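Visitor: predicted coordinates and the sequence they were generated for:
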Amino acid sequence: MRAIRFLLGFVLGVAAGAAGAQALSQFLRAVNDGNLQAATALLNQGLEPDTADANGNTALMIASRLGHKAVVALLIERKVNVAKRSPFGDTAVNLAALGGHVEIVRMLLDHGAELNPATGWSPLQYAAFENRAEMVKFLIQKGAQKDALAPNGYTALMLAARNGHIAAATALLHEDADLGIKGPAGETALSIATTRKDEEMIKLLKRAGAAS
């Protein structure tokens, strides 16, 4: 009898685990697709709002990166952890900035996301890296530290120069980004542009006052 009870418990446990895995897969698919109705139904069944995929990206990170504003609002309403980082150091607000989703960034900041993190990459640095000029303007208006150094020792302006992103660089220069800050090898935004032979960026930086 004891063996039968053990076997029954084992079978039920396996079944419950399979059902849980299926619900998790359905939830992540709903978040990825921006399916608010399905995501809501699964949360109502008890699924955790901080659920993450196999790579450690939470539902909030996925929805923020893809611009699914309604799903982001739902997760915030369910008290999701807006400051959580992926194993790669990404946060939801960084990924929203990378995607240029201003309204989602606004929502996340209003609910506790970090604008100027003490460590790691900032939303502004992500926005500059991806040439999101409107996002750059918005973040600086919100109080982003425009000259903060990223983990690689570059400022947002240097990141824009490295990638040839004229729009982001223009937005940063309009907000008086510091042209003289040097990277870990002594490079400046201008020297980075010069190494890349990016004539348009060189002209932009020199017009702003960068010295050779």
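Guide: In hand now; what should we look at?

Visitor: how about stretch 160-176, which residues are buried there?
Guide: By 16 or more other C-beta atoms under 10 Å, the buried positions in stretch 160-176 come out as 160-163, 165-166, 168-173, 175. No exception for glycine: its C-beta is placed from N, CA and C like everyone else's.

Visitor: and the residues you listed, which of them are in helices?
Guide: Here DSSP state H is the test, and the buried residues of stretch 160-176 give 160-163, 166, 168-173 as lying in helices.

Visitor: OK, contacts around residue 58?
Guide: 50-52, 80-81, 84, 86, 92 (C-beta atoms under 8 Å, 6 or more residues apart in numbering).

Visitor: for it, report the pLDDT, please.
Guide: You'll see residue 58 listed with a pLDDT of 97.

Visitor: grab the nearest non-local neighbour of it.
Guide: Once flanking residues are discounted, residue 58 sits nearest to residue 52: 4.6 Å by C-beta to C-beta, 6 or more residues apart in numbering.

Visitor: thinking again about what came up before, which among the contacts of residue 58 end up buried?
Guide: 51-52, 80, 84, 86, 92.

Visitor: dump those into TSV; add secondary structure as well.
Guide: Shown next, in TSV, are the buried ones among the contacts of residue 58 (DSSP: H, G, I helix; E, B strand; the rest coil):
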residue	secondary structure
51	coil
52	strand
80	coil
84	coil
86	coil
92	helix
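
Visitor: nearest residue to residue 138 in space, please, no chain neighbours.
Guide: residue 102 (5.3 Å).

Visitor: what sits against that neighbour?
Guide: 134-135, 138.

Visitor: wait, which of the buried ones among the contacts of residue 58 is closest to residue 59?
Guide: Within the buried ones among the contacts of residue 58, proximity to residue 59 (C-beta to C-beta) peaks at residue 51, which comes in at 5.3 Å.

Visitor: can you give the domain ranges for this structure?
Guide: 1-114, 116-212 (automatic domain parsing).

Visitor: work out the gap between the last one and the centre of the chain.
Guide: What that stands for is domain 116-212. Computed by C-alpha atoms, centre = their mean, to the nearest Å, the chain-centroid distance of domain 116-212 equals 18 Å.

Visitor: endpoints of it, how far apart?
Guide: Terminal residues of domain 116-212 lie 31 Å apart, using C-alpha to C-alpha, to the nearest Å.
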